[in-house]
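# sequence and predicted structure below; questions after.
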Amino acid sequence: MKMALASPYYQRMVNDISCPQQSSVLLILGMHRSGTSAVARAVESFGLSLGDRLLGSAPDNPKGYWEDADGVALNQRILEQCALRWNEARILSAKQLLTTAGDSLCASATDLLANRVACWGSWAFKDPRTLRTLPIWLHAAGQAQVEIRSLLVLRHPLEICASLATRNQMDSLRAQLMWAAHWLPFLPLLRGGSMAVVQYDEVLSAPVRVLSRVAEQLGYTVNQESLQQYGKCFLDRNLRHHQAESGEKRLLPLVADTYALLRELDALPAEAFWLAWKDLQVRHREWSDLYALLDAETEWRRRRRGAWWRWSHGQFQHSRA
């Protein structure tokens, strides 16, 4: 959707952009285990390229991640510089993120965007970490004079929790706090740009209809033959191993309210949506000390396990000598 109210951050960025319309970057944004990989594969039918430096598949994603390896590596470096792990719940402001990341990482993001647009014209980038590093990429887009469009991929938080529990043995509370930390802090920075939202379950049930609507919202022309092939040959509904039932009562109220509002992004007037989002951000920040404490406690446990493993491994080697 084209938002009526532009955030000052986004407006400063787009004021400096004079690139032709065909040179754009589509950010595919979503929490881990949200179906972003399946959606990313579809955008080639929009006339976009994912590039030629894609990560390979893995057992937890057998059809591929469809992620640019250099972009993912840069996101990881940004998080490491900010002392953030992929599964942490702490909140950083955009100013903190930009300051801590420093000029070098911001310049790397600028160079990467400029390179991909020079190579492909219109490029799509998907990595769940981008929700946590979004200010860096928007700053880089302004520097590189690249238009940013965004596609938000939603999946029920309980399904994400179940998937993370299976893959990472993550408890539901941490997964929900992590979900909130991805979505809530930086989404308003996209206000004023081209934005569309898609539900993972709707993509699985009606891919051609749903993705054609998304492409139109974002200003792309769909290759219908390519999209039909995607729906028939690539999309595998059997890979959806977790489905939420009537489990909203198991969601944290903040997560339930945020998810409900995201689902209304296309229906609500822009002003009403962003005012409601601001209220959710206030509620989220009220518990910021708790998130930091939880992350610190988790890090302490990780270090303790690592120390025990090193000690026990050393004892084992000593006993063998």
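That came in fine, so what should we check first?
# where exactly do the helices run in the stretch 151-300 of the chain?
Secondary structure of the stretch 151-300 of the chain, counting by DSSP state H, counting those that start in this stretch: helices at 157-168, 172-183, 200-205, 207-218, 224-229, 253-263, 270-285, 288-320.
# buried sites along the second one?
Applying a neighbour-count criterion of 16 or more other CB atoms under 10 Å, the buried positions in helix 172-183 are 172, 174-183. Just so you know, the C-beta spots here come from the backbone N, C-alpha and C atoms, and that holds for glycine as well.
# cool, and the fifth one?
For helix 224-229, the neighbour count (16+ other CB under 10 Å) marks Leu227 as buried.
# just checking, what packs against that helix?
With contacts taken as 3 or more CB pairs under 8 Å, 6 or more residues apart in numbering; DSSP states H and E, helix 224-229 sits against helix 207-218.
# what mean pLDDT does stretch 82-91 get?
Averaged over stretch 82-91, pLDDT sits at 93.
# distance between the ends of that stretch?
This stretch, stretch 82-91, spans 11 Å end to end (CA to CA, to the nearest Å).
# right, and the helices of the stretch 151-300 of the chain - which one's nearest Gly192?
helix 270-285 (9.0 Å; CB to CB).
# next, the angle helix 172-183 makes with the closest one.
On the basis of axes from the mean of the first three to the mean of the last three CA atoms, to 10 degrees, helix 270-285 is oriented at 130 degrees to helix 172-183.
# then helix 270-285 to CSV, C-alphas only?
C-alpha atoms of helix 270-285 as CSV (Å, rounded to 0.1, in the frame of the first residue of the first chain):
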residue,chain,number,x,y,z
ALA,A,270,-2.7,5.0,7.2
GLU,A,271,-3.1,7.5,10.1
ALA,A,272,-5.1,5.1,12.2
PHE,A,273,-2.7,2.3,11.6
TRP,A,274,0.4,4.3,12.6
LEU,A,275,-1.2,5.8,15.6
ALA,A,276,-2.2,2.3,16.8
TRP,A,277,1.4,1.1,16.0
LYS,A,278,2.8,3.9,18.2
ASP,A,279,0.7,2.7,21.1
LEU,A,280,2.1,-0.8,20.7
GLN,A,281,5.6,0.5,20.6
VAL,A,282,5.0,2.2,23.9
ARG,A,283,3.8,-1.0,25.5
HIS,A,284,6.8,-2.9,24.0
ARG,A,285,9.3,-0.4,25.4
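# among the helices of the stretch 151-300 of the chain, show me which one is buried the most.
Across the helices of the stretch 151-300 of the chain, averaging neighbours per residue (mean count of other CB atoms under 10 Å) puts helix 172-183 on top, at a mean of 22.
# rewinding a little: mean pLDDT and distance to Asp103 added to the helices of the stretch 151-300 of the chain, as JSON lines?
Formatted as JSON lines, the helices of the stretch 151-300 of the chain follow (pLDDT from 0 to 100; distance: least, CB to CB, whole Å):
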{"stretch": "helix 157-168", "mean pLDDT": "93", "distance to Asp103": "34"}
{"stretch": "helix 172-183", "mean pLDDT": "96", "distance to Asp103": "25"}
{"stretch": "helix 200-205", "mean pLDDT": "93", "distance to Asp103": "37"}
{"stretch": "helix 207-218", "mean pLDDT": "96", "distance to Asp103": "31"}
{"stretch": "helix 224-229", "mean pLDDT": "94", "distance to Asp103": "40"}
{"stretch": "helix 253-263", "mean pLDDT": "97", "distance to Asp103": "33"}
{"stretch": "helix 270-285", "mean pLDDT": "97", "distance to Asp103": "28"}
{"stretch": "helix 288-320", "mean pLDDT": "63", "distance to Asp103": "26"}
